[in-house]
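**Student:** what shape does this take:
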Amino acid sequence: MNLVTADQPIPIYTLEEEVILTGKLFSIVRFDGMLTHQSEMLIPHRKAYFLFVLVRRGDSRHWVDMTQYTLKENTFYFFGPNQLIVKEEPKPMWGTAFAFTKEFLALQENASLSALPLVQNPQNGHELILSEADVAVVEDMLAKIYAEHSRPGEWQQRMLTAYLTVLLTYLSRLYTEQFESNPFLTDKLLLKRYQARIDEHFRDLHQVSEYASLLNVSAGYLSEVVKAQSGKPAITHIHERLMLEARRLLFHTQQSLKEIAFDLGFSDASYFNRFFKREAGVTPADYRVTIREMYQ
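**Tutor:** Take a look at the predicted model:
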């Protein structure tokens with residue numbers, strides 16, 4: 001696996017820059033034994049868009065953050081803009097992929113898609129196991145979306161939104177069944193909003209009170225709801241997000257500990273070192289050595 005050097009930040013690929021799945025706001029493509037994304041092989045990167053893939057056949061390997069996956073048949077995969085991806089093998093794949101940007105979600109007719117669990121991905125998941133019946137439903141909807149995307153016209157956007165709403169709602173139900181144990185109630189939604197704000201601001205906001213201000217609630221109320229819904233103190237969610245990003249950077253890049261500390265909003269490297277050791281039980285330097293030895 002290649003490592004990103006200190007003077008070479010982790011690349012972020014836009015949808016317009018993609019070689020195969022190219023589009024401005026939305027794109028869909030079918031793979032019939034195609035070797036996908038060969039230019040990205042072994043390069044840690046992020047995508048500036050949401051990517052969804054139904055794999056009918058294929059067994060290539062890739063990493064999402066620090067977890068390795070081997071593609072499974074009849075499985076649905078999904079990526080968000082914040083996840084760090086490394087693709088290991090240029091193997092052929094059969095299936096369908098579609099992608100859209102945050103700007104696509106910002107369109108008025110697509111606003112409801114942003115709230116769906118599969119898009120929010122609060123559990124930081126990556127794959128959905130599909131039954132034969134699920135595959136039939138998903139393939140049918142993807143065929144409709146593919147056909148509509150090939151028919152530009154006055155009604156195209158509305159039809160795409162309608163089909164996407166059905167498909168992503170169906171997949172979100174599967175998501176909650178496979179990743180969630182509780183229904184989406186008012187307090188649960190506040191937890192999701194809190195986690196979403198952390199994802200947006202974890203580099204510059206490290207206190208629960210700062211997020212409470214963003215959410216227009218008191219820090220006490222936010223702490224109470226988050227603890228009741230998640231079983232963890234509100235501050236723990238902030239620390240876990242910082243640790244996730246720290247582990248990503250330690251594993252995938254050659255950035256120094258000082259550079260990582262500043263990137264994550266710590267005032268100095270020694271404070272970051274103490275924070276990481278308190279959370280992980282080892283220093284950042286020891287973690288970097290151990291995790292790389294483990295996967296060599």
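**Student:** for the rest of this, base every contact and every neighbour count on C-alpha atoms.
**Tutor:** Noted.
**Student:** count residues in the vicinity of Leu142, would you?
**Tutor:** Using other Cα atoms under 10 Å, Leu142 has 22 neighbouring residues.
**Student:** phi, psi of Phe202?
**Tutor:** Reported as degrees, to the nearest 10, the phi and psi values for Phe202 are phi -60, psi -20.
**Student:** equivalent analysis for Pro152, please.
**Tutor:** Per degrees, to the nearest 10, the backbone of Pro152 is at phi -60, psi 140.
**Student:** for it, give its distance to Lys144.
**Tutor:** As for Pro152, its distance to Lys144 is 14 Å (criterion: Cα to Cα, to the nearest Å).
**Student:** between those two, who's got more neighbours?
**Tutor:** Lys144 (15 against 10).
**Student:** these two touch, right, the more buried one and Thr161?
**Tutor:** No - applying Cα atoms under 8 Å as the test, Lys144 and Thr161 come out as separate, 11.4 Å apart.
**Student:** quick one: the helices in this protein?
**Tutor:** When assigned using DSSP state H, the helices of the chain occupy the ranges 102-106, 117-120, 132-149, 156-179, 186-201, 208-215, 219-230, 234-252, 257-263, 269-280, 284-294.
**Student:** closest one to Thr96 among these?
**Tutor:** helix 132-149 (7.5 Å; Cα to Cα).
**Student:** contacting residues around Leu105?
**Tutor:** Counting by Cα atoms under 8 Å, 6 or more residues apart in numbering, Leu105 makes contact with Ala111, Leu113, Ser114.
**Student:** give me whichever of the helices of the chain is most buried.
**Tutor:** helix 117-120 (a mean of 22; mean count of other Cα atoms under 10 Å).
**Student:** can you give the contact residues for it?
**Tutor:** Outside helix 117-120, the residues that reach it (Cα under 8 Å, 6+ apart) are Phe50, Gly80, Leu113, Ser114, Leu168, Leu171, Ser172, Tyr175, Thr176, Ala196.
**Student:** any idea how far the third one is from Pro44?
**Tutor:** Think Leu113. As for Leu113, its distance to Pro44 is 28 Å (criterion: Cα to Cα).
**Student:** what of the fourth one?
**Tutor:** When Cα to Cα is applied, the distance between Ser114 and Pro44 equals 26 Å.
**Student:** ditto for the fifth one
**Tutor:** Applying Cα to Cα, one obtains 27 Å for the distance of Leu168 from Pro44.
**Student:** try the last one
**Tutor:** Distance, Ala196 to Pro44, using Cα to Cα: 23 Å.
**Student:** now do the same contact list for the closest residue to Ala97 other than its chain neighbours.
**Tutor:** Leaving aside its chain neighbours, Ala97 sits nearest to Val53 (4.2 Å; criterion: Cα to Cα, 6 or more residues apart in numbering). The contact partners of Val53, taken as Cα under 8 Å, 6+ apart, are Phe76, Tyr77, Phe78, Gly95, Thr96, Ala97, Phe98.
**Student:** try Thr101
**Tutor:** Leu15, Lys24, Leu25, Phe26, Ala48, Tyr49, Phe50 are the contacts of Thr101 under Cα under 8 Å, 6+ apart.
**Student:** buried among those? Need that as a selection in PyMOL.
**Tutor:** Those of the contacts of Thr101 that count as buried under 16 or more other Cα atoms under 10 Å are selected in PyMOL with:
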select buried, resi 15+25+26+48+49+50
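**Student:** just send the contacts of Thr101 back as TSV, with pLDDT and distance to Arg274 too.
**Tutor:** TSV is the format used below for those (pLDDT from 0 to 100; distance: Cα to Cα, whole Å):
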residue	pLDDT	distance to Arg274
Leu15	83	39
Lys24	83	43
Leu25	89	42
Phe26	92	43
Ala48	87	32
Tyr49	90	34
Phe50	93	35
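**Student:** of the contacts of Thr101, just say which sits nearest to Leu249.
**Tutor:** Among the contacts of Thr101, and counting by Cα to Cα, the member closest to Leu249 is Ala48, at 17.7 Å.
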